[in-house]
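> Build me a structure from this.
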Amino acid sequence: MRKFWSTAVLGLVLAGLMSLAASAQPPTEVLCSRSFTVSAGAQPATIGVAARAGFQIAICGYDINAGAAPGTFQLFYGTGALCSGSPVNLTPVFSIGINGVLVSRSSNASMTAPPGNAVCYNITGTGPINAVVYYSQF
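Have a look, this model is predicted:
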């Protein structure tokens, strides 16, 4: 009888450890295999990634540079025409100096727009501003 109880207890302990290991799985990694490019002077809100019902957009990074004049660049998301419905900033307004460069890339998505939202950008200044934004839509 004693052997039965020790085997039963060992079985329960192992089952509990396996359950903990299964629940400690890391989140699914989002790979950003897509990108959109921008090359423009001052430009009001413009859609970079269009919304798709039931799909969210994850941003993994960007490369931004200014040309012969300074400019600013900002990413945000929202619904409706040109992200005008409930806009939410993904980045601050980046001020890029003449011939300045800003690079930020991550192997994991660091910014996410909820399902049904588009990702847009604003450019101010005379620029031109050139950018590549890396994203995934899933």
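> measure stretch 59-79 end to end?
End-to-end distance for stretch 59-79: 17 Å, by CA to CA, to the nearest Å.
> List the buried residues of it.
Going by neighbour count (16 or more other CB atoms under 10 Å), the buried part of stretch 59-79 is 59-67, 70-78. Yep, even glycine has a C-beta here, placed from its N, CA and C like the rest.
> mind listing which of the residues you listed are in strands?
Those of those mapping onto strands are 59-66, 71-78, per DSSP state E.
> Name the nearest of the residues you listed relative to I98.
When these are ranked by distance to I98 (CB to CB), A66 comes first, at 6.2 Å.
> what's the closest non-adjacent residue to the closest one?
Computed as CB to CB, 6 or more residues apart in numbering, the closest residue to A66 that is not its neighbour in sequence is I96, at 3.9 Å.
> any idea how far V30 is from that neighbour?
Going from I96 to V30 by CB to CB, to the nearest Å gives 27 Å.
> between those two, who's got more neighbours?
Using other CB atoms under 10 Å as the criterion, I96 and V30 rank with I96 on top: 23 against 18.
> so what pLDDT did the more buried one get?
In this model, I96 is scored at 96, pLDDT.
> Then the one 4 residues further on?
Confidence at G100, expressed as pLDDT, is 95.
> Residues in a beta bridge with the residue nearest to it when sequence neighbours are not counted, which ones?
Once flanking residues are discounted, G100 sits nearest to A66: 5.1 Å by CB to CB, 6+ apart. Counting by DSSP bridges, A66 is bridged to I129.
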